[in-house]
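Asker: Sequence and predicted structure are below.
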Amino acid sequence: MEKLVKLYNKKEKLIIGLMSGTSLDGIDAALVRVKNSGLDTEIELIGFETFPYTSEERNEINKACSVSESNVELICQLNFYLGKKFGEAAISIAKKCNIKLDRIDLVGSHGQTIYHIPQNSTLQIGEPSVIKEMTGITTVADFRVMDVAAGGHGAPLVPYTEYLLYRNSEKTIALQNIGGIGNVTILPKMCNVSDVIAFDTGPGNMMIDTCIEIMTDGEKNYDENGIIASKGKLNSELLDELMSIPIIKAKPPKTTGREQFGKDFTVKMINKYREKGVTFEDIVNTFTRFTVKSIAYNYNLYLKDLVIDEVVVSGGGSYNPIIMQMLKEELYYTKVFTQEEKGYRSDAKEAIAFAILANESISGNLNNLPLVTGAKKAVILGKIIP
């Protein structure tokens, strides 16, 4: 307990944030200097790196996420295996930054989501006890379950950190993430924490990535620079079917994930339209348009009363010029930027967020947003491995 009291009282900390998202690209590790907490939070990114999953690791995680292929032995083994991978990522980012492990105060680890049932249950693996044992650093992890226990969706969690870092007294900003899943955070100008709006808009890159992997027999796992999408054309029948999925039109708060738009569903859609003679290129183009269309649809339906001054896009989708071009066409009424264009690192955003969430937890601060997640009350997220 003495160690935790010292951390609680420490005003400046070195924290490693670890994140692996639904895209299954790998483990993002950010080493961050965090000063203070709450509304007084200040951060400095010292170093960042992504440690990619191998194709074999990605296949095993995909299998664990699949209702039809998974089993309890696989999930149990992966929990400790990924704990070791997360621990290795923490050690590697510290070494890259020339900072000894005993100088680092905290690790904040999101883990790897295996299955998510909004307002019912959620499961992230990557055992934090393994991270603590490997690094010797107090680890905060398993952030989502407390929000679910309080009646929430367990997501999105990043909007709390976005409020701390990006709120603006002069502009209403939409922070649109396009990772495996698409999600938006709206920060109205001069907003209080209770004014923040955030929800999942639909798929991000998840369906596109699966199609590319099937199309190339596993040689590629994403549409680099949108090249494949640019070679295809829109299939209106496929787009109409995708846009009719209930979660797209559902009223916020709402979350979605691999359970809806993962490999099982995507393969089913690909096979259905390949049998109709639709080319892979056309399917990729249509999946890409679906990602963008679902974003625009939700803005136009649920954010129509707000004047959005700018949209700032992060995540892997922000590096896809076709997605960005389509998004600018759909959101013609506002300005659209990438995070890099605004001076931030897009790839480090979520790892930084979990470093901040760990700091908030250890500081005893309530760090979910009930109006965003649907929880009955504000809670302190995370489990602490001292």
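Answerer: Structure's in. What do you need? Everything quoted here is computed from the prediction, not taken from an experiment. Numbering: from 1, shown residues only.

Asker: other SSEs contacting the strand or helix carrying V148?
Answerer: Using DSSP states H and E, V148 falls within helix 144-149. In this structure, helix 144-149 packs against strand 121-125, with contacts taken as 3 or more Cβ pairs under 8 Å, 6 or more residues apart in numbering; DSSP states H and E. In this view, the C-beta of every residue, glycine as well, is placed from N, C-alpha and C.

Asker: please redo it, this time with the cut-off set to 10 Å
Answerer: In this structure, helix 144-149 packs against strand 106-117, strand 121-125, helix 370-373, with contacts taken as 3 or more Cβ pairs under 10 Å, 6 or more residues apart in numbering; DSSP states H and E.

Asker: Alpha carbons of the last one, in CSV - could you do that?
Answerer: Once side chains and other backbone atoms are set aside, the C-alpha atoms of helix 370-373 remain, and they are given as CSV (Å, rounded to 0.1, in the frame of the first residue of the first chain):
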residue,chain,number,x,y,z
PRO,A,370,-21.7,7.7,-18.1
LEU,A,371,-23.6,9.8,-20.7
VAL,A,372,-21.2,8.3,-23.3
THR,A,373,-21.1,4.7,-22.2
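
Asker: distance between that helix and the chain's centre?
Answerer: Offset of helix 370-373 from its chain centre (Cα atoms, centre = their mean, to the nearest Å): 17 Å.

Asker: Find the one among the helices and strands packed on helix 144-149 with the highest mean neighbour count.
Answerer: Compared across the helices and strands packed on helix 144-149, strand 106-117 shows the largest average neighbour count, a mean of 25 (mean count of other Cβ atoms under 10 Å).

Asker: Could I get the average pLDDT for that one?
Answerer: Confidence for strand 106-117, expressed as mean pLDDT, is 97.

Asker: What pairs with it, parallel or antiparallel?
Answerer: strand 12-20 (parallel), strand 121-125 (antiparallel), strand 139-141 (parallel) (DSSP bridges).

Asker: Just put those strands in TSV and tack on distance to A229.
Answerer: Formatted as TSV, those follow (distance: least, Cβ to Cβ, whole Å):
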stretch	distance to A229
strand 12-20	25
strand 121-125	31
strand 139-141	36
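
Asker: picking up where we left off before, so for E241, which of the helices and strands packed on helix 144-149 sits nearest?
Answerer: strand 106-117 (23.4 Å; Cβ to Cβ).

Asker: Could you export the closest one as CSV, CA atoms only?
Answerer: Output for strand 106-117, consisting of C-alpha atoms alone and laid out as CSV, is shown next (Å, rounded to 0.1, in the frame of the first residue of the first chain):
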residue,chain,number,x,y,z
LEU,A,106,3.1,2.8,-14.2
VAL,A,107,2.0,0.7,-17.1
GLY,A,108,-1.6,1.2,-18.4
SER,A,109,-2.6,-1.8,-20.5
HIS,A,110,-5.8,-2.1,-22.5
GLY,A,111,-5.1,-5.7,-23.5
GLN,A,112,-6.7,-7.4,-26.5
THR,A,113,-10.5,-7.5,-26.8
ILE,A,114,-11.7,-11.1,-27.5
TYR,A,115,-15.4,-10.6,-27.2
HIS,A,116,-17.7,-7.7,-26.3
ILE,A,117,-21.4,-7.9,-25.3
